[in-house]
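S.K.: Next comes the sequence, and after it the predicted model I'd like to discuss.
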Amino acid sequence: MKHLLTFLATLLLSPLVVHAQSQKPELVAEDGGVQERGSSRVLYWNPRADTALGQFAFDYGRPVWKKEYEDPAKFDAMTKGKVWRFGKDFWTSLDTQLALKIGGREVAPGCYYLALHRSADGTTWSLAFIDPAKVRKSRLDAFQIERAPIEFRIPMALEQTGEVAEKLTVTLAYAKEKPKDVRLRIAWGKIRLVVPIQVSVGS
């Protein structure tokens with residue numbers, strides 16, 4: 001009798017489930033308004049010839065750091081062994097006209113989508129590079145970053161700091177006398193990730 005009642009209930013509820021699913025629209029649009037983006041670039045210029053020699057830039061959305069992320073257990077659950085989208089809204093990208101060597105790895109001129117990867121034990125962070133053509137072909141949003149194939153990863157050093165960056169901030173720093181030696185720093189909350197960049201430019 002019990003099984004019969006369960007069967008009858010399933011028959012009665014099935015049309016309701018199908019009806020609810022049919023009420024979902026086939027297409028919606030999101031975030032059509034103005035979005036806050038951050039950009040950090042280095043431009044190389046030849047004053048004698050009065051012309052540009054090339055540049056590279058990081059473009060990214062700026063998520064706000066939340067107090068709840070300071071709970072180690074919660075933050076580990078979000079990041080350990082996972083690829084983090086490293087930004088918000090549209091994909092974070094590196095667009096370079098110049099050949100770079102990031103953390104000792106050669107990166108050819110071109111455009112790359114970026115993510116951050118944290119090792120399963122939580123000790124290592126890496127900058128993950130994604131081919132935009134593959135993302136474009138599959139029409140993935142950065143929210144689905146776990147489905148994007150990683151081309152390669154470059155380890156980054158984790159700096160300890162007591163400061164808190166309220167929003168994600170990417171900076172490129174270099175000494176005036178050594179402009180080809182750049183330091184990439186990613187700051188978000190108490191996280192500080194750094195990696196050196198050597199730039200192939202000029203003679």
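M.R.: Structure's in. What do you need?
S.K.: show me where the protein has strands.
M.R.: Assigned by DSSP state E, the chain shows strands spanning 37-46, 51-61, 83-84, 93-96, 99-102, 105-107, 110-118, 125-130, 150-159, 165-175, 178-189, 191-200.
S.K.: Out of the ones you listed, the one nearest K24 is which?
M.R.: The stretch from these with the least distance to K24 (CB to CB) is strand 51-61; that distance is 27.1 Å. Placement of C-beta: from N, CA and C, glycine included.
S.K.: I'd like the average pLDDT over the closest one.
M.R.: Looking at strand 51-61 alone, the average pLDDT works out to 97.
S.K.: What is the least confident helix or strand in this protein?
M.R.: Least confident helix or strand of the chain, by mean pLDDT, DSSP states H and E, is helix 2-22 with a mean of 54.
S.K.: and P155, what are its bridge partners?
M.R.: Bridge pairing for P155 (DSSP bridges) gives the partners S126.
S.K.: In contact with D59, which residues?
M.R.: By CB atoms under 8 Å, 6 or more residues apart in numbering, the contact set of D59 is R37, G38, S39, T92, S93, D95.
S.K.: for it, which residues make a bridge with it?
M.R.: Beta-bridge partners for D59, by DSSP bridges, are S39, S93.
S.K.: From T161, how far off is it?
M.R.: Taking CB to CB, to the nearest Å as the measure, D59 and T161 are separated by 24 Å.
S.K.: excluding its backbone neighbours, what's nearest the most centrally placed residue in the chain?
M.R.: Centroid check for the chain by CA atoms, centre = their mean gives F86 as the closest residue, at 2.9 Å. Nearest non-adjacent residue to F86, counting by CB to CB, 6 or more residues apart in numbering: L116, 4.5 Å away.
S.K.: ok so, going back, K67: which of the contacts of D59 is nearest?
M.R.: Nearest member of those to K67, counting by CB to CB, is G38, at 21.5 Å.
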